[in-house]
Every structure is written in C-alpha cells, then in structure tokens.
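*Asks:* Show me how the following folds:
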Amino acid sequence: MTGGGTTDGAGSAGRAGRRQGAPRGRTEQANALASFVLEVTDGVTLRELAERYHVGKTMWGEYRSGQKLVPLDLLERLVADRTPDEATRVSRTRTARRLHAAAVDAAVVDAAVVVTVVDAAAGAPDPAPEPGAPGTVPSPPTDRAPRRRRHRLAVGATVTAAVAVVALLLLVALLPSGDENISAGGKPPSGGASRDGSPPVRAAPLTGTGVFAIGPDGDGVLQWDGPGAGDWTRIGDTAKRLWAGPAGLFATGVRGDGLFAYGGSPGRWHQVGEAGADFAISGTRVYRLAPDRGSVHVWDGRGTSWTWVGGPASRLYGGGPGLFATNPKDGRIFKYAGRPGEWEFVGTAGADFALTDRHLYGLTPDRAMVTRWLAPETPDADERWTWAAGPAGALFAGAAGLFSTDPTGTRLRHYAKNAWHDIGPAGAEVRVAGREVFVLTDDRTSVRRWDPRTGTWTRVGGPAGTLAVTVPRAGP
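*Replies:* Modelled structure (predicted):
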C-alpha cells in the first residue's frame, strides 16, 4: 500500500539523524507509554516502522509522541520483534501491558484524549495507476475535495485509526482481466441470462425462523420450526447448496445444476437461473457469478431473466452494506454502485471478508488483524479503513454481529467492545442469523444454537450436510 507521509511534528522523527522531542500526550500515563515505545523502537525510522507493520508514518509518530495510544496487540508484536532475548521479552511484555492499561484507564478519565479516526498518512498524492494495475493504492488529489470514483482505480485507501492500528488492507475486486473494461459501453454478453418470456416466478418472502439445512448427502431441504419445537419441516427433496436472505431462499441441485427459488410452501421450487460459480444476496437482490467467473448478473426478480452488471470476479460478498466482489487477478475488492458496469474501489487484497447488517470487515493477508471499512461513514478516501480487532483465522458475520475463528481455526469468537471473546468450538460451519449463531459440529451430526443473551449453546437438530440462515421478513 502506498501513501506519502508528512515530516512535521511527530513525523519528523522518521528523518535520519533527527531525534524526537519529549512525549506530549495529554496524560502522564500516555507519556510513559510513548517513552516505552520510543525505547523499544530506538534506532528505527518511521518509514521502516510503516513498512514493517503497515501503519502510516504519521500514526507511528503520534504513537511515539503520546498523542495517540498504540493498540495493545501491535505493541505486543513490536516488543516480540524487537526483543530477541526470551527473558527480556517476557519482562518487556509485562511492562508493555501494564503501561498500556494505565494509559487506557487515564484516557477514559481524560475525555480530551483523541479517539476519532485520523489520517494515518497525509501527504502528496501518488500518481493514479492504470486500470487493472495490481497492488497500487493511490491517494486522491489534494487540491480538491475527495470524491468517490467509478469505473477505474482512481481513489486511495489508506487504512487509518485513532486508538487503533492503521492497517494495510484488503480486498479483492471486480475488475476485468486483460484489456476488457468492466464498465465499457455497449451491450454486454448475457452470460446465460435471458429474457425468454418465462412464467412470472418470484421467490417467496421467508417467514418462520429463517434457519435452513440440507440433510446428509443432499437428502432433503429442512426448515427449523423454532425454539421449543425441536422439529424441522421438510420443504424440499434434495439440494446441494443454499443461500438465504431478504430476497428469499435459493438452492442449487434441486433438479440439475441451475438455481431454484423456494416458493413458500413445502415442495414448491422454481428454477430462476442457470448454474453459477458463486451466488450472493444483498437486500432483495440476488447476484450470480458466471461458471467461468467472467461476468456478474443480477436476477430481475421474476422468471429466469437476469441482467449483466459487471465483468470478471473471483468471489461475491452480499449483505446489508451492498454487493462486493474481488478481482481474480490481484485480490482487490470493489463495491457495486447500483448501475450495470459501475463499481467503486474499496481496498486491496485480504485473506477473508465478511458483512454484518451495517459494516464490511476484512482480514489482512497475514491474518494478523481485522479492519473495518469506513467508507459509508466518511467521504475521505484516505480514511477508508480502521483497525477493529487482532488475529483471526476466518470471518463470519450477519445481523447478530461479527464472529471469527481463532488463528488455529478450532475456537469461535464473538467481536464485542473492540475485542474477541471465545464462545465455544468452531465446528464445520458457522452461520450468523439475526440475533443468534448456528454451528454445525465437526462431524456434522448436530446443529447448535448460541444465544448471546444467555451465552449458552443449545442443540436444535442434526445431522446435516450444510446450513443457511437469514433474518426472515414478513410475507404478504
């Protein structure tokens, strides 16, 4: 990730031969923490720190001056990297945790400590790359107000934070391969979508629990009847995969490889499209990635009619914030702007992404931290991402919030109060519903439900091959 850094104030410490002045935090505890960070990073320039930890030079200067509090997980990583002797490392880590806790407690008392997201790498903009150029994230021009840009990579994404780590981030995007332009004019290929005068088939609004499963070996599509019932209603004979959302319940493998919509009563399924490499639901819209991953289409809502909306992609992500797609060439992520061919750049490649009902989260390529996309909250393209949490193995999200496995992939954690909280085994599958989380155990013999209000797990069914959950909307 690129980004110019200023050298005024704290940032001047990045210049060779020029020492940083005394800490100038708002509390004595913040200054003590800053002095410790200065000691640990003695002899290392801001530029070197920025390159090593993917945190902007300006932010590092503020960490070392006490103007911002360095996040604890970044501080512990810094101590580990800079202290080769094990005994000294253990002692330093204890000191780091003590100083950090004292600085945080003092910050709570002193409401004047800055806790808003700030620019982590302000400075002169880099030249904009050619469309499709991999790995480059330029800053927007500074002689006019930042604005979102469409059709090409012309906006920057500098990950920033205040009491958190600025992260190099994420994601994969919907850009064309080669010289093909995703937003090029002219009539796009249909990719198998057709307006063929099919009957006016529509997906039925989902009612009930919004929790669905496919039986072992694809035998039966089932809907959970709810707490206390302990039963599941069979609504289909066979399927391979399920997708559920405000648009309805959809499945492949019902009869052949096409996509089928559930009609609202047991046994009632209607084909609405052909096979796809991936599907995603965002609101009342259903999106399909062509089998060759060469184009993205949106279902028109009836029959088998689909409309082309974009070019090549590797994966689709749908949820409350919208539809996102990743670039098959370099992993950058883009958001669909609502009109065919128009996609907005979001960020660079990441190991994983997940959508709650409000936010997009990304896991850095090294899985060392999770960051949150801020674009819906700020128009400034230089402040698009902020640190959210520490290391994770995989991300899961929905209306109930953000969840992840631990780095080993064996434990499931809930994200609350800017930290991960262990809630139990991760299982073979994790699905996040409106208020609860459902896990299919490793041996797929049991479906378990976690209630955040009580923090307890309850077995609700099983065995099962796979799960799908959503927040059902009232039907007519």
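
*Asks:* What score does Gly210 have for pLDDT?
*Replies:* The model reports Gly210 with a pLDDT of 89.

*Asks:* do the same with the one 4 residues further on
*Replies:* At Ile214, the model reports a pLDDT of 97.

*Asks:* Count the neighbours of it for me.
*Replies:* Using other CB atoms under 10 Å, Ile214 has 23 other residues around it. Quick note: C-beta positions are derived from backbone N, CA and C, even for glycine.

*Asks:* now Trp373
*Replies:* 27.

*Asks:* How about Thr41?
*Replies:* By other CB under 10 Å, the residues close to Thr41 number 20.

*Asks:* repeat for the one 10 residues further on
*Replies:* Around Glu51 sit 13 other residues, with neighbours defined as other CB under 10 Å.

*Asks:* Any stretches of the stretch 201-350 of the chain with poor pLDDT?
*Replies:* Scanning the stretch 201-350 of the chain for pLDDT under 70 picks out the ranges 201-202, 228-230.

*Asks:* Look at the closest residue to Glu28 other than its chain neighbours and tell me its secondary structure.
*Replies:* Counting by CB to CB, 6 or more residues apart in numbering, Glu28 lies nearest to Ala106, which is 7.4 Å off, once chain neighbours are set aside. Of the three states, Ala106 takes helix under DSSP: H, G, I helix; E, B strand; the rest coil.

*Asks:* Thought Asn31 was touching Ala106, still the case?
*Replies:* No: using CB atoms under 8 Å, Ala106 is not in contact with Asn31, being 9.9 Å away.

*Asks:* ok so, going back, with Arg64 as the reference, measure out to the residue nearest to Glu28.
*Replies:* Here the criterion is CB to CB, to the nearest Å. By it, Ala106 lies 18 Å from Arg64.

*Asks:* Give me the helices and strands touching the strand or helix carrying Ser404, please.
*Replies:* Element membership for Ser404 (DSSP states H and E) is strand 401-405. Using 3 or more CB pairs under 8 Å, 6 or more residues apart in numbering; DSSP states H and E, the elements in contact with strand 401-405 are strand 395-398, strand 411-416, strand 429-432.

*Asks:* Could you dump those into JSON lines and include mean pLDDT, mean neighbour count and distance to Ser265?
*Replies:* Output for the helices and strands packed on strand 401-405, formatted as JSON lines (pLDDT from 0 to 100; neighbours: other CB atoms under 10 Å; distance: least, CB to CB, whole Å):
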{"stretch": "strand 395-398", "mean pLDDT": "96", "mean neighbour count": "24", "distance to Ser265": "26"}
{"stretch": "strand 411-416", "mean pLDDT": "96", "mean neighbour count": "19", "distance to Ser265": "34"}
{"stretch": "strand 429-432", "mean pLDDT": "97", "mean neighbour count": "22", "distance to Ser265": "23"}
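
*Asks:* Please name the residues that touch Ala22.
*Replies:* Contact analysis of Ala22 by CB atoms under 8 Å, 6 or more residues apart in numbering lists Asn31.

*Asks:* Now do it against Arg64, distance only.
*Replies:* 11 Å.

*Asks:* same question, Leu323
*Replies:* Applying CB to CB, the value for Leu323 to Arg64 is 41 Å.

*Asks:* what does Gly427 give?
*Replies:* To Arg64, Gly427 is 43 Å away according to CB to CB.

*Asks:* so where do the helices sit in this structure?
*Replies:* Remark: helices assigned in the chain by DSSP state H are 28-40, 46-53, 57-65, 72-82, 86-109.

*Asks:* In JSON lines: the helices and strands packed on strand 401-405, plus distance to Asp330.
*Replies:* Output for the helices and strands packed on strand 401-405, formatted as JSON lines (distance: least, CB to CB, whole Å):
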{"stretch": "strand 395-398", "distance to Asp330": "20"}
{"stretch": "strand 411-416", "distance to Asp330": "28"}
{"stretch": "strand 429-432", "distance to Asp330": "28"}
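
*Asks:* Would you confirm that Ala247 contacts Thr284?
*Replies:* Yes: between Ala247 and Thr284 there is a contact at 4.8 Å, judged by CB under 8 Å.
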